[in-house]
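Undergrad: Below is the sequence, then the predicted model.
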Amino acid sequence: MLSITRSMALGQNGERRKGSLIFSGCGYFHWRRLATLFQEAFPFLSLNELSFVLRNSKENTRLCFAGKDLVGFYSYQPGKAPGVVWLNFIAVRRDYRNSGIGKGLLEKLDEEVSQKGFSRIELAVYKGNSTAIRLYERCGYTRLPRAGEKWTYYKEIRPRPTAGRDKGEPSRGPFHILRKSSRWLAYRILVLF
């Protein structure tokens, strides 16, 4: 379970206070609270949509807690093009909106997918959802010039893969196997002779 704490201002029922957000992976024991938040954020979608996403990308779903309260979540999956991630859902509980949690979720998403080696995030938003559009644009997302009911936004990020790093070792490039085998060979030569 991934758990990261980030300090920021939280607003519940209009009040602003300092607190910390905890990001966590999604387990089945979170289902009921996640379903409640999903229905609040997306009343026009059925729970089958959420169920489908959780079945197919549960490992790419992050929950955001303020204390014991589930205040937001996001879910993504690798896109069709290489290096691209598609943001399925992002939501913040109504009484915690306009308090920096949406920005915190998007920052966490950027950090997570860049560590996995992705270089671009894409998402779709209804053109009438001005609150979400304002958030995406403030966080560096750019709209693709397409017409229709939904607009597509994207953000280029710098991939910083950390998978395979061991104790400060540099990231593994195409010659990693050669470097590793040459170290092994040098070690074997020293031991045998």
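TA: Cool, the structure landed. Numbers count the residues shown, from 1 in each chain.

Undergrad: Going by C-alpha atoms from here, please, whenever you check contacts or count neighbours.
TA: Noted.

Undergrad: dump the residue contacts of the residue nearest the centre of the chain.
TA: The chain has residue 109 as the residue nearest its centroid, 2.6 Å off, counting by Cα atoms, centre = their mean. Counting by Cα atoms under 8 Å, 6 or more residues apart in numbering, residue 109 touches residue 74.

Undergrad: is it true that it lies in a strand?
TA: No: counting by DSSP: H, G, I helix; E, B strand; the rest coil, residue 109 is not part of a strand but helix.

Undergrad: That one and residue 72, how far apart?
TA: 12 Å (Cα to Cα, to the nearest Å).

Undergrad: Same question for residue 27.
TA: With distances taken as Cα to Cα, residue 27 is found 15 Å from residue 72.

Undergrad: before we move on, what about residue 98?
TA: 12 Å.

Undergrad: got it, and residue 151?
TA: For residue 151 relative to residue 72 (Cα to Cα), the value is 22 Å.

Undergrad: returning to that earlier point: compare residue 27 and residue 72 (neighbour count), which wins?
TA: Taking other Cα atoms under 10 Å, residue 27 and residue 72 do not tie; residue 72 has more neighbours (27 against 14).

Undergrad: before we move on, which element is the more buried one in?
TA: strand 69-78 (DSSP states H and E).

Undergrad: And residue 21, how far from residue 35?
TA: On the measure of Cα to Cα, residue 21 and residue 35 end up 20 Å apart.

Undergrad: Just give me the neighbour total for residue 142.
TA: 16.

Undergrad: now swap in residue 78 and tell me
TA: By other Cα under 10 Å, 17 other residues sit near residue 78.

Undergrad: just the strands in this structure please.
TA: Secondary structure of the chain, counting by DSSP state E: strands at 4-12, 15-25, 61-66, 69-78, 84-92, 120-126, 142-143, 150-156.

Undergrad: Highest mean neighbour count out of these?
TA: The highest mean neighbour count among the strands of the chain, using mean count of other Cα atoms under 10 Å, belongs to strand 61-66: a mean of 23.
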